[in-house]
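Enquirer: quick one: sequence and predicted model below, then my questions.
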Amino acid sequence: MISHAIACVVCGAIFDVVFDIRIGSPTFGQHVSRILSAKNREQLWISVGFAHGFSTLELYTEVINNVTDFYALKRNGRILQNGVALNIAWPLASGEAILSAEDQSHPLLSELSKVSSYWTVAKKNT
């Protein structure tokens, strides 16, 4: 992700995850997760250098991601959400995530390249 973002839920609920993909960062590969819902009205800030993913917890769920720059798909990298290195305990009712063919084709975290280093991102934000 090139820009900062803030995620919120206007209907339903999600299990929301943000993890550090800044190469060289002391917290590289670590993540935080939260339940965001229309009821609790919590929001989650996603800084440059962090990946963002979520799983819906209710049948009818709407998520809004506001970004600080124009969205460009080719500038946003993707990684496989269920890679072992991520160690994310996704709360799945059926026990199995439903992923599109496109989502299944994303690389693992260990295969990630072209991500800004921690030091480059930190310098830009100061």
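Expert: Sure thing, it's come through.

Enquirer: okay, CA-based contacts and neighbour counts for the rest of this
Expert: Fine.

Enquirer: helices and strands of the protein: which one has the lowest mean pLDDT?
Expert: Among the helices and strands of the chain, helix 118-124 carries the lowest confidence by mean pLDDT, DSSP states H and E, at a mean of 49.

Enquirer: how far away is Asn66 from Ile46?
Expert: 10 Å (CA to CA, to the nearest Å).

Enquirer: which stretches of the chain have low pLDDT?
Expert: Using pLDDT under 70 as the threshold, the predicted model of the chain has low-confidence ranges 1-2, 71-86, 93-97, 109, 112-126.

Enquirer: which parts of it are strands?
Expert: Along the chain, the stretches classed as strands by DSSP state E are 5-11, 13-20, 31-37, 43-46, 50-56, 62-67.

Enquirer: now, of the ones you listed, which is deepest in the fold?
Expert: The densest packing among the strands of the chain, expressed as mean neighbour count by mean count of other CA atoms under 10 Å, is seen in strand 13-20 with a mean of 21.

Enquirer: who's in contact with it?
Expert: Contact partners of strand 13-20, identified using CA atoms under 8 Å, 6 or more residues apart in numbering, comprise 27-38, 46, 49-58, 61, 90-91.

Enquirer: what pairs with that strand, parallel or antiparallel?
Expert: Here strand 13-20 has these sheet partners by DSSP bridges: strand 31-37 (antiparallel), strand 50-56 (antiparallel).

Enquirer: JSON lines please, covering these and showing distance to His4.
Expert: Shown next, in JSON lines, are the strands paired with strand 13-20 (distance: least, CA to CA, whole Å):
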{"stretch": "strand 31-37", "distance to His4": "16"}
{"stretch": "strand 50-56", "distance to His4": "9"}
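
Enquirer: right, I'll leave it there.
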